[in-house]
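K.L.:
I need the structure of the sequence given here:
(4 chains, ligands or ions: 4)
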Amino acid sequence: MWHIIEQIFPYAIVFTIPLLITALGGLFSERSGIVNIALEGLMIIGAFSGALSIHYLSGVFENNTLVLWLGLLAAVIAGILFSVLHAFASINLNADQIISGTAINLIATALTIFLARNMTGSGNIRITSGFTPSNVPFLSDIPIIGDLFFTKTYPTTWFVLAILFISSFILYKTRFGLRLRSCGEFPQAAEAAGINVRRVRYSGVLISGAFAGLGGALIIVTYAGEFTGTVSGLGFLALASLIFGQWKPLGVLAATFFFGFASTIANVSQVIPELAVIPPILLKIFPYVVTLIALVIFSKSSQAPKAVGETFDSGKR
Amino acid sequence: MRHTIVSIISILLGLVAGGILMLFIGSNPIEGYSYLLQGALKNLERIGNTFATATPLIFTGLSVAFAFRTGLFNIGASGQMLIGGLMASAVGLTYDFSRPVLLALMILVGMLGGALWAFVPGLLKAKFNVHEVVSTIMMNWIAYWTVYYVIPGYFKGEFLETESKKLSESATLRTPWLTDMFQGSYINLGLFLGVIAVIIVAFIIDKTTLGYELKAVGFNRFAAEYAGMKVNRNIILSMLISGGLAGLGGVVLYTGNASSIQIGILPAQGYDGIAVALLGANNPIGVFFAAVLFGILYSGTGFMNAMTEIPPELANTIIAIIIYFAATSVLIERSLNKLKKKSSNRKEKSGPVVEKGDS
Amino acid sequence: MSYVVEMLNIRKEFPGIVANDNITLTLKKGEIHALLGENGAGKSTLMGVLFGMYQPEQGVVKVHGKEVHITNPNVANRLGIGMVHQHFKLVDNFTVTENIILGSEPLKGMVLDIDKAAKRIEELSKYYGLNVDPHAKIEEISVGMQQRVEILKMLYRNADVLILDEPTAVLTPVEIEELMKIMRNLINEGKSIIIITHKLKEIKAVADRCTVIRRGKGIGTVNVAEASEASLAEMMVGRHVSFKVDKKESTPLEVVLKIDSLSVKNNRKVMGLKDFSLEVRAGEIVGIAGVEGNGQTELIEAITGLRKAESGSIQIDGNEISSLPVRERLEKGMSHIPEDRHKRGLVLDYTLQENMVLQIYNKKPFSKNGILNKKAMKTYTQNILTNFDVRSGEGAVSIARTLSGGNQQKAIIGRELELDPKLLICVQPTRGLDVGSIEYIHKRIVEHRDKGNAVLLVSLELDEILQLSDRIAIVNNGELVGVVNAAETNENEVGLMMAGVAKEKSL
Amino acid sequence: GCGSDSNGSSSDSSKKSDLKVGMVTDAGTIDDKSFNQGTWEGILKAEDEFGVDSKYLKPAGTTEAEYLKEMGNLYDAGYKFIVTPGFKFETAVFQAQDKYKDAKFVILDGNPHNGDFNPVVKENTVAVFFAEHESGFLAGVAAALELKEGEAGFIGGMEIPAVQKFNWGFQQGLKYANENLGTNVAIKKENVIYQGSFDNAAAGGQIAAQYYDRGVDVIFTAAGGVGVGAIKEAKDRASAGEKIWIVGVDVDQYEDGKYEGDKSVILTSAMKKLDQVSYDMVKAELDGKFPGGQTLTFDAKNDGIGLPDKNPNLSDETVSKVKEVYEKIKSGEIKVSGEQGDLFK
Ligand SMILES: Nc1ncnc2c1ncn2[C@@H]1O[C@H](COP(=O)(O)OP(=O)(O)OP(=O)(O)O)[C@@H](O)[C@H]1O
Ligand SMILES: Nc1ncnc2c1ncn2[C@@H]1O[C@H](COP(=O)(O)OP(=O)(O)OP(=O)(O)O)[C@@H](O)[C@H]1O
Ligand SMILES: [Mg+2]
Ligand SMILES: [Mg+2]
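P.N.:
Numbering: from 1, shown residues only, chains lettered A, B, ... in the order given. Ligands and ions are numbered 1, 2, ... in the order given. Predicted coordinates:
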């Protein structure tokens, strides 16, 4: 069994990373007070623009790694641009945030395929080669830990983990973080302290756009290699992880890793004799059932930002 | 009235945006839209198919709208449809009762299936305050995998691993007279069920003490509690009704529009239901018309593609844009208000001051 | 004598209403300036203009003689103007320090310099005698302490003009005393203060000058030393005001409500009400006096069934009700004017007629076999609206949200009195109402008593308790401090008891 | 935008025909590198050569009603030669062939029937089957010959007939090579699975990783997007120096397996020549030889299946031996079964 875990681990991590960065994006948005159910759509946008720009750039640049990073950058930018739609609707127009998010999900799905077809002539965009995993020198030789964490890693994994720690730092240690959190808890207080709530919320939503876009593109450059017009519900899973992880960076890390690990187990269970004895349906629904149970357990101590989802009305008392 | 105008304006804006997209790819929007309409309504068969396409959307739209009206956001209609469809198909494939009995039973268990699937999120919301958005998403996937394994395990079609056995013609909602009347289209009894559901839901929401309670809980659960209503029970009840409606959507989809249930797909109608509800301003009658509009768009788009160079994905883009405009209808309402104000500016200037100052 | 702040001919409109109409207010250096006016007169709005939350349509604001445009609170801060809002603007799960530095955070490199800030706050707190722990979380400190945090917030920003919007409404008499001391300290250190309060006594006690506004218009500014409470009240309302409630001696009959050793947990899961016993008889009004958050909410919610009692008994007419659901309690003849009209009292998105049958929609004639009878609802509602002078745009079919706060409150009171309850529970019945409405509501409550019903009154306004009640039960920290006869007590005694000082001779 | 790429090239053609060829796509997109795309490419080739007009429509879902609706759209727009790829169209085509008597239908991988699996191929319809098992057989032989020794595995998408036949053929091919050509490439029961979808790339990669880790050297994927994930995993490993392979499916997937410049992990591909068939059918119609009413099987005999012409990863020796085997299948000397028999899954 240990061998299997060791073997699965790197794959679970690869699967976790897009989920993690997207959920982290959601964290910034929700901590600023804006529900972002559009994560799914933003991931699709990211996957699309990442794949598309890599598709075009690989003819321009020799260096494949450079092209991949440029693709990720493009995804980030596209994610940001698209999230402006959500920010505009929910911050400037006081629209219902859930409805706006739903609309964006619909637009993203429809528009990317439409554009892909029109720009490349194909609704699917395949990239010739993504990042390749490698062992971290020296560290991968450490017993146990080396096998689990430093074997077959992608540079993007370390990149996202760095973002996680930087985010955590920003959220709890910097001026921006303090202001962001105050806007999600009690925007009227933030406003009274002279903070431009709308601007902070814009930052929150745009960061979520950037991260979700990155998350979508990471799927392409690590394990999928092809844009097919969907991210198969990972955006919604990221949203669930955010709640499961109690709106905290490390909580989100734990929650997304749980999903990553559980899905990977479910995926490979068919080919592992030890697991094949368990009815596959149980393995497949395992992550979802556990999430429901966990939500029940955590419901008592829910740490949801108090003002999340409320439209901000400065006159409100 | 207000909502109707806003909805219509968002539709128009969405169509305009779609038209601009058509221009952008070098097609003629007028031509495009005219083929779209023809495709949906040119002859009886096409009209029938348009209604058939709209029918599951009536149910999912009602499901989401009902939940919204009672303060809940049900994005689990897809899963509820799957379970409703699964249960109905299971009955249809297993029993050999006379047609009316069989159909009634299928409809009933389908509704129960959807309700059952919505019961869990309702219970979790009521008892543990678990947000229904997350729990219904989870239930969607659980439904997906349940159908994925139950269908091949128990109702496998001959030679077909990916869908159930076909229902016999008498175990579907299609009836010869209707099919013939609409020249062989897929319109089926589901449409009548849909109309009945619209009327019943409208009646419940507007005219009954049940609707009064459910809405009160949705608007302000604290006030409802204060007035002695059973808040938890009502939340669960709302989800049950919403889920039951979605379950009926599944019955209509899998035993009316289709005759078998496929695995590996979460029905898109569940998500479209959100859009339908929004566009229908969460009003049952509005939902009906919104569903028909979606039916027209989905149904006409194929003919538009066939006649022009406009790709199929455009219809979805237009629908999405319409929803975005509906979501941001504040902008539209604001403009409307401004217009209204301009016309009645002088009269109102001093009126309310007196009234407010008195309180 | 130079003015620190001059607000000249300020006009501020909101949609449909002129909140400030040509108001002038000047603040001298080192003075405490009171701002007085009825609810909705425009006081908070005027201060909002000074603090940069609203832009005036007309008028000039000068600070230290120089014309300024205060476009947002940051500008106000930079000009040395600070404000404590009527409703505190503190983030509950932040610490005192985090709340204070929010918006003007000291940095060490990129990192917040919490330690430095905390040290400075500690110093300020000592200097002005505020006694605040910089590391405490807001949700864990008392309301009075929270107010000091708000004051510290201003001091931290070096404000020398301090605006306090109704700071005393939430304090005990003792805390009010302390606040006044703090205010005097501040003046001695060269600060200037504008204070909004409805309590004329306080104005007399601390203020140097007082500006009065009525329905958005400035009435005038007077030297407090030269004015009496009565003259201030007359300026404010525009007619003579009687501060006395007109009522006969009570004639208590049988016990209607009997509470015995009741203990109830609060939201933080600790006992908010401990071992509480009380009786309310038919034909009497029993007032509960106490500072906000001392168990009143827990008591009322336990009686009405909105909160579970941990132990003890509650009886109505001798029947135990402590484990009955809300509806059955209501059916025993109880009715309840809730503390928070927006949270509990109304479904704001419902029409008035829907709101007026909130507890009885399922009874005849409002419904039959589960089907609503809107006509019956309408006639019933129209009756209440006329009786209680509830003004609304479209009568019974107006959406509740569109009514002004006062009219919303009158509608609720009308609804509850219309049920003709054996036991009427009123929590803050006149909160947010103007003097005229208060007089009227008080009269109706007394009438209800005189019809032989029991009334339990909770109010944070000591005056209201003293005037309306026949007997007064005082709570402190969730415990019953004592019960006194209204006729035989005074504000001082009750105030002391509210602060936890028990009275020797208990009734 | 170049949105008209679907039929923009018709103007190059010197010939002009007034035949309008329509296609309704199955689940998945027109660019699936497999079923839909293969069929469509054949139509495009016909458009290029004969100047026919072409158009594809994508149904909103995969129910009979939705398929029929799109066929009706094509018909109403004058596309009276309609190609439908996939067994899911069986019942829809059954109805359409009656409803649109003056239209021609080609159904690939299926037989029109009324839900009872009794094939009814009307005069205006041709049903086409492929001998996927023969294609899989050849791939199995080629893989065994090239590896000589080692282990093979199979990843299928959903358990549908075409995928199953690829699998069974592949197993028979390995067995044949082991018994007759002196190779020793085994396949174990636990290394034969159907993932259950055609789009879960993550699972494809993870399953391939499991296989490779326990010693599998070559994986035959017949699984759409799942295969894409497996190919990605193989490329990563090959880059890291492992000697492992993938056998592609449906079309020549050599390009998809490229890494480090011009190396590819695609050993060979078990093709079924969908493009050839759709092209041939259009051609037959133009020549007035539409084989209406028939059920055709494309197999080794008529070159409807096979390995790619160029297989850079196969040695000349392997290629020539495979060719021999191919001839034997053609001649009937080798019989490949399209049934499971005692094979895995
Ligand atoms: N943000 C706002 N939008 C619209 N109208 C407002 C707003 N704030 C206040 N008003 C209106 O302006 C009037 C003045 O309100 P303001 O809050 O200044 O009264 P106030 O004198 O502070 O009353 P109180 O004693 O209750 O605090 C009110 O009648 C209210 O109708
Ligand atoms: N944002 C707003 N828009 C319109 N009217 C408002 C707004 N805020 C307050 N009002 C109106 O202002 C009036 C008084 O407002 P205020 O908030 O002071 O009420 P209040 O009952 O005195 O509150 P509190 O009990 O907290 O002092 C009410 O008529 C209310 O309807
Ligand atoms: Mg005020
Ligand atoms: Mg007030």
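
K.L.:
In contact with D:Lys321, which residues?
P.N.:
D:Lys321 sits next to D:Val141, D:Leu145, D:Leu181 when contact means C-beta atoms under 8 Å, 6 or more residues apart in numbering or on different chains. Backbone N, C-alpha and C define where each C-beta goes, glycine included.

K.L.:
Name the residues linked to the spatially most central residue of chain D by a beta bridge.
P.N.:
In chain D, the residue lying closest to the centroid (C-alpha atoms, centre = their mean) is D:Asp250, at 3.1 Å. Beta-bridge partners recorded for D:Asp250 (DSSP bridges): D:Met271.

K.L.:
Report how many residues lie close to residue 292.
P.N.:
Since no chain was named, I'll use chain A. Using other C-beta atoms under 10 Å in any protein chain shown, A:Leu292 has 23 neighbouring residues.

K.L.:
my question was about chain D
P.N.:
16.

K.L.:
Could you do C:Glu139 as well?
P.N.:
Counted with other C-beta under 10 Å, C:Glu139 comes out at 13.

K.L.:
Touching, the residue nearest to the centre of chain D and D:Thr39? I think so.
P.N.:
No - using C-beta atoms under 8 Å, D:Asp250 makes no contact with D:Thr39, being 10.5 Å away.

K.L.:
Could you tell me which residues touch both of the two?
P.N.:
Counting by C-beta under 8 Å, 6+ apart, the contacts common to D:Asp250 and D:Thr39 are D:Leu274.

K.L.:
Ligand 1: which of the contacts of D:Lys321 is nearest?
P.N.:
Taking C-beta to the nearest ligand atom as the measure, ligand 1 lies nearest D:Val141 of the contacts of D:Lys321, at 81.5 Å.

K.L.:
just to revisit the earlier point, just the buried ones among the contacts of D:Lys321, please.
P.N.:
Those of the contacts of D:Lys321 that meet the buried threshold are D:Val141, D:Leu145, D:Leu181, by 16 or more other C-beta atoms under 10 Å in any protein chain shown.

K.L.:
Phi first, then psi, for the second one.
P.N.:
Spelled out, that is D:Leu145. phi -60, psi -40 (degrees, to the nearest 10).

K.L.:
Return the member of the contacts of D:Lys321 nearest to D:Leu314.
P.N.:
Closest approach to D:Leu314 among those (C-beta to C-beta): D:Leu145, at 7.9 Å.

K.L.:
Name all residues that make contact with the closest one.
P.N.:
Contacts of D:Leu145 by C-beta under 8 Å, 6+ apart are D:Ala177, D:Leu181, D:Thr183, D:Leu314, D:Glu317, D:Thr318, D:Lys321, D:Val322.

K.L.:
give me the subset of those residues touching ligand 1.
P.N.:
Restricting those to those touching ligand 1 (C-beta under 6 Å from any ligand atom) yields no residues.

K.L.:
okay, the residues you listed in a markdown table with secondary structure and pLDDT next?
P.N.:
As requested, the contacts of D:Leu145 are exported to a markdown table (DSSP: H, G, I helix; E, B strand; the rest coil; pLDDT from 0 to 100):
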| residue | secondary structure | pLDDT |
| --- | --- | --- |
| D:Ala177 | helix | 96 |
| D:Leu181 | coil | 94 |
| D:Thr183 | coil | 95 |
| D:Leu314 | coil | 95 |
| D:Glu317 | helix | 94 |
| D:Thr318 | helix | 95 |
| D:Lys321 | helix | 95 |
| D:Val322 | helix | 95 |
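
K.L.:
Check which element follows the host helix or strand of D:Gly42 along the chain.
P.N.:
In this assignment (DSSP states H and E), D:Gly42 forms part of helix D:35-50. Tracing the chain past helix D:35-50, the next element assigned as helix or strand by DSSP H and E is strand D:53-57.

K.L.:
Quick one: mean pLDDT for the next helix or strand after that following strand?
P.N.:
Counting by DSSP H and E, the element after strand D:53-57 in chain order, helix or strand, is helix D:64-76. Mean pLDDT, helix D:64-76: 90.

K.L.:
packing partners for helix D:64-76?
P.N.:
Using 3 or more C-beta pairs under 8 Å, 6 or more residues apart in numbering or on different chains; DSSP states H and E as the contact test, the elements touching helix D:64-76 are helix B:44-69, helix B:284-307, strand D:20-24, strand D:53-57, strand D:81-85, helix D:90-99.

K.L.:
export those to TSV and tack on distance to B:Ile274?
P.N.:
Shown next, in TSV, are those (distance: least, C-beta to C-beta, whole Å):
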stretch	distance to B:Ile274
helix B:44-69	5
helix B:284-307	11
strand D:20-24	28
strand D:53-57	26
strand D:81-85	32
helix D:90-99	30
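
K.L.:
so which of the ones you listed gets nearest ligand 1?
P.N.:
Closest approach to ligand 1 among these (C-beta to the nearest ligand atom): helix B:44-69, 27.6 Å.

K.L.:
Counting neighbours, what do you get for A:Leu242?
P.N.:
Count around A:Leu242 with other C-beta under 10 Å applied: 29.

K.L.:
And the strands in the chain, which stretches?
P.N.:
The chain I'm using is chain A. Ranges of strands in chain A, per DSSP state E, are A:125-126, A:226-227.

K.L.:
wait, chain D
P.N.:
D:20-24, D:53-57, D:81-85, D:104-108, D:125-130, D:149-156, D:184-194, D:218-222, D:245-250, D:258-259, D:263-264, D:266-272, D:295-298, D:305-306.

K.L.:
Would you mind measuring from the residue lying closest to D:Lys165 once chain neighbours are set aside to D:Phe166?
P.N.:
Counting by C-beta to C-beta, 6 or more residues apart in numbering or on different chains, D:Lys165 lies nearest to D:Glu132, which is 3.9 Å off, once chain neighbours are set aside. Going from D:Glu132 to D:Phe166 by C-beta to C-beta, to the nearest Å gives 5 Å.

K.L.:
and what of B:Leu21?
P.N.:
Noted for B:Leu21: a distance of 41 Å to D:Phe166, by C-beta to C-beta.

K.L.:
out of the two, which sits in the more crowded spot?
P.N.:
D:Phe166 (30 against 21).

K.L.:
I'd like to know how far that one sits from A:Gly225.
P.N.:
Distance of D:Phe166 to A:Gly225, given as C-beta to C-beta: 22 Å.

K.L.:
what do you get for C:Val357?
P.N.:
According to C-beta to C-beta, C:Val357 stands 63 Å off from A:Gly225.

K.L.:
Strands of the stretch 151-300 of chain B, residue ranges please.
P.N.:
Assigned by DSSP state E, counting those that start in this stretch, the stretch 151-300 of chain B shows strands spanning B:156-157, B:160-164.
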